[in-house]
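In: model the following, please.
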Amino acid sequence: MPPSPSLALVLANFVAGVHLVLIFYFLVGWLVPFCSLAKRALLNLLNAAGFLLFGLFGDCPFTVWEFHLRQIANQDSATSSFLGRIAMNFSFNVAEVSINQSSFIANILVL
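Out: Next up, the predicted model:
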């Protein structure tokens, strides 16, 4: 049985928050100074490889879960992309293709 719309919205926001923390960690968190350089390099390699695989083979599971939960909560969005939804919330008119391409390039650069 699917969750109620209000619970689905709470869960979707929770998933979006976890997703945002992971993206933030991917971009700058690996620079944490109290870890050894080898540990930071390994964590960065694992994160970049994971995000790169999601970019090559499909959407990130967090994106899929959040989109599904927002559909249950009757919060349909014009885009199923996590970054596209955030850009729309801040009134940036960016094509989903360019978001996917820029995130793919960022993954390769960080990797």
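In: what about the helix ranked longest in the chain, average pLDDT?
Out: Longest helix of the chain, by residue count under DSSP state H: helix 5-28. Taken as a whole, helix 5-28 has a mean pLDDT of 83.
In: centre of the chain versus that helix, how much separation?
Out: Mean-position distance between helix 5-28 and its chain equals 8 Å (C-alpha atoms, centre = their mean, to the nearest Å).
In: and the helix or strand just after it, what's buried?
Out: Toward the C-terminus, helix 5-28 is succeeded by helix 37-57 as the next helix or strand (DSSP states H and E). For helix 37-57, the neighbour count (16 or more other C-beta atoms under 10 Å) marks R40, L43, N44, N47, A48, F51, L52, F54, G55 as buried. In short, each C-beta sits where N, CA and C put it, glycine included.
In: mind putting those residues into JSON lines with distance to S98?
Out: Shown next, in JSON lines, are the buried residues of helix 37-57 (distance: C-beta to C-beta, whole Å):
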{"residue": "R40", "distance to S98": "30"}
{"residue": "L43", "distance to S98": "28"}
{"residue": "N44", "distance to S98": "25"}
{"residue": "N47", "distance to S98": "23"}
{"residue": "A48", "distance to S98": "20"}
{"residue": "F51", "distance to S98": "17"}
{"residue": "L52", "distance to S98": "18"}
{"residue": "F54", "distance to S98": "18"}
{"residue": "G55", "distance to S98": "14"}
